[in-house]
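> Sequence and predicted structure are below.
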Amino acid sequence: MSAGRILVVDDEPEIRRLLKEILEDEKYSVTTAENAAAARTAFSAGRPDLVLLDIWMPDTDGITLLKEWLHDGAEELPVVMISGHGTVETAVEAIRLGAYDFIEKPLSTAKLLITIEHALQNARLKRENLRLRDSAAPAPTLTGKSPAMQALRADIERIAAHDTWVLVSGEPGSGKQLAARTLHELSARAASRFVEIGLAAVPAQNVAVQLFGAEQNGELHIGSFEQAGGGTLYLSEIGDLDPDMQARLARALEEKHFLRVGGRQPVRLDVRVIAATSHDLAQAVAEGRFREDLYYRLNVVPLKVPALREHREDVPDLINYYVNWMVEHEHLPYRRFSTGALNLLRNYGWPGNVRELKNLVQRLLILQHGAEIGQDEVAQSLNSRPVAAAGGALPESWFTLPLREARDRFEKAYLEHHLRATHGNVGELAHIVEMERTHLYRKLKGLGIEPKRAKRD
């Protein structure tokens with residue numbers, strides 16, 4: 001197994017040959033380049049773990065290459081500068097720009113190997129710090145003792161043992177991102193990054209660059225696939241991709257490599273893809289709105305995250321978790337929920353799922369109306385969550401959501417309001433909202449609305 005991938009850039013053939021022999025003896029995988037053009041080509045084919053970069057070269061000097069690579073999305077890349085004409089000023093400039101170290105020729109093998117080892121260790125620590133920073137958000141574990149949550153955790157543990165791609169489904173706010181992050185943390189890729197891209201929030205014309213990166217005007221932009229190299233890429237709301245991007249993504253996943261926008265050199269794909277959706281992708285495939293080949297490629301292992309109303313017995317534990325987290329991390333005052341308040345929340349329908357619960361807890365702690373949160377205060381807070389059909393303003397928290405998710409939240413509340421008014425009569429509902437009944441049934445199913453429940457309520 002390779003100890004790491006190293007790119008050696010030097011215009012002297014003998015130096016390249018010598019470094020390649022030394023490093024391969026130490027089990028490193030080595031690529032060499034004789035000038036900046038060759039170095040750019042090698043770098044574009046797949047980002048190395050470390051670069052040994054000569055400063056003085058005939059076409060473009062090493063300092064210029066260093067600036068390009070470190071300022072165009074490869075900030076974590078350790079670069080060791082080498083030169084036979086080094087000066088203190090040159091070394092200081094290289095370190096200031098982001099190089100890990102500076103070594104003068106003639107090269108000392110012992111110093112070279114120690115420097116490389118330390119540089120790679122430093123890069124691993126940086127990645128681990130990034131991983132821990134990315135993880136520092138509620139909730140680092142899937143909270144709840146209910147059968148539904150126990151089954152979800154068991155499924156994640158089983159799936160994490162295999163490096164397969166996963167399709168996570170569930171209602172908005174139910175915890176799909178947390179399930180994906182937990183899966184990553186339990187997998188063999190946990191030491192590498194978990195990179196998330198919310199496809200619904202990215203303008204359609206920018207999705208390709210965001211995913212695959214770009215080579216434009218001599219500059220390199222690293223996309224999400226490369227940022228997640230060796231780790232996990234989480235694609236939120238995969239169903240929002242337009243047909244052209246669906247085709248491009250399907251091709252990249254099938255061939256295990258891709259081209260950056262404007263690039264010609266294939267880049268190897270080394271990530272675990274976890275895609276997520278709030279919609280029925282199988283139905284979208286049947287209706288021709290989502291590519292069948294992409295669906296089956298992503299849906300190697302399906303993972304369903306339950307809505308909060310399906311495990312309401314976990315509400316007290318979730319509230320306790322968020323109270324403690326916000327007291328510790330957001331420095332909000334501690335307030336205790338009364339038994340009556342907890343009972344009310346256990347019986348609430350939670351249309352916004354766990355995200356709505358978190359926002360409710362935060363709002364109640366900020367209000368600071370005494371040490372205890374009573375049933376009346378909770379009821380008032382829930383009743384202050386009007387929908388457009390009731391003539392009130394939309395909840396402020398909705399304005400923090402991506403457009404697609406905010407629209408889904410409104411449509412769900414709007415249709416549930418009219419279903420209650422019609423006692424679950426879908427025919428009357430179709431007339432009120434002016435939708436053809438078949439399309440309305442699909443909409444209700446996609447939003448997780450059950451008309452029969454409205455009849456009972």
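Structure received.
> Show residues contacting stretch 297-307.
148-149, 152, 155-156, 159, 162, 164-171, 174-176, 179, 183, 238, 250, 253-254, 273, 275, 281, 350, 353, 448 (CB atoms under 8 Å, 6 or more residues apart in numbering). C-betas here are computed from N, CA, C, even on glycine.
> Report how many residues lie close to the residue lying closest to Gly144 once chain neighbours are set aside.
Spatial nearest neighbour of Gly144, excluding adjacent residues (CB to CB, 6 or more residues apart in numbering): Asp314 at 3.3 Å. Asp314 has 22 neighbours, counted by other CB atoms under 10 Å.
> what's the answer for Pro13, then?
For Pro13, using other CB under 10 Å, the count is 10.
> do the same with the one 3 residues further on
Per other CB under 10 Å, the neighbour tally for Arg16 reads 19.
> so how far is Ala39 from it?
11 Å (CB to CB, to the nearest Å).
> can I assume Ala204 is in contact with Gln246?
No - contact criterion CB atoms under 8 Å: Ala204 and Gln246 do not qualify, at 11.6 Å.
> Neighbour count for these two, which is higher?
Set Ala204 next to Gln246 and count neighbours by other CB under 10 Å: Gln246 wins out with 18 against 12.
> domain ranges for the protein?
Listed by automatic domain parsing, the domain ranges of the chain are 5-133, 148-304, 308-385, 401-457.
> Using JSON lines, lay out these together with mean pLDDT and distance to Thr141.
As requested, the domains of the chain are arranged in JSON lines below (pLDDT from 0 to 100; distance: least, CB to CB, whole Å):
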{"stretch": "domain 5-133", "mean pLDDT": "83", "distance to Thr141": "15"}
{"stretch": "domain 148-304", "mean pLDDT": "90", "distance to Thr141": "7"}
{"stretch": "domain 308-385", "mean pLDDT": "89", "distance to Thr141": "9"}
{"stretch": "domain 401-457", "mean pLDDT": "75", "distance to Thr141": "24"}
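> Of the contacts of stretch 297-307, grab the buried ones for PyMOL.
The buried subset of the contacts of stretch 297-307, as determined by 16 or more other CB atoms under 10 Å, is captured in PyMOL by this line:
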select buried, resi 148+149+152+155+156+159+165+166+167+168+169+170+171+174+175+176+179+183+238+250+253+273+275+281+350+353+448
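> all strands for the stretch 301-450 of the chain, in order.
301-304, 336-337, 372-373 (DSSP state E, counting those that start in this stretch).
> To Arg404, which of these lies closest?
strand 301-304 (20.1 Å; CB to CB).
> Tell me who's in contact with the residue nearest to Gly144.
Contacts of Asp314 (CB under 8 Å, 6+ apart): 143-146, 149, 308.
> Grab the most central residue of the chain for me.
Glu196 (1.3 Å; CA atoms, centre = their mean).
> Just to be sure, that one is in a strand?
Yes - with DSSP: H, G, I helix; E, B strand; the rest coil as the criterion, Glu196 is part of a strand.
> Verify the stated contact: it with Tyr234.
Yes - under the criterion of CB under 8 Å, Glu196 is in contact with Tyr234, at a separation of 4.4 Å.
> that older thread, ok, and the most crowded of the contacts of Asp314?
Neighbour-wise, the contacts of Asp314 (other CB under 10 Å) top out at Leu308, 26 neighbours.
> got the contact list for that residue?
With CB under 8 Å, 6+ apart, Leu308 has these contacts: 174, 314-315, 318, 350, 353-354, 356-357.
> which one among those residues gets closest to Asn217?
Looking across these and measuring by CB to CB, the closest to Asn217 is Ser174, at 42.6 Å.
> Can you name the residues that contact the residue lying closest to Ser187 once chain neighbours are set aside?
Once flanking residues are discounted, Ser187 sits nearest to Ala160: 4.5 Å by CB to CB, 6+ apart. Taking CB under 8 Å, 6+ apart, we find Ala160 in contact with 183-184, 186-187.
> need those residues in CSV with secondary structure and distance to Lys105, can you?
Output for the contacts of Ala160, formatted as CSV (DSSP: H, G, I helix; E, B strand; the rest coil; distance: CB to CB, whole Å):
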residue, secondary structure, distance to Lys105
Leu183, helix, 47
His184, helix, 43
Leu186, coil, 46
Ser187, coil, 43
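> Looking at the residues you listed, which two lie furthest apart in space?
The span of the contacts of Ala160, defined through CB to CB, is set by His184 and Leu186 at 7.5 Å.
> who has more neighbours, these two?
Shown here are His184 and Leu186; by other CB under 10 Å, His184 has more neighbours (26 against 16).
> So the more buried one is in contact with Val273, correct?
No - His184 is beyond contact range of Val273, at 11.3 Å (criterion: CB under 8 Å).
> quick one: common contacting residues for those two?
With CB under 8 Å, 6+ apart as the test, His184 and Val273 both reach Thr232.
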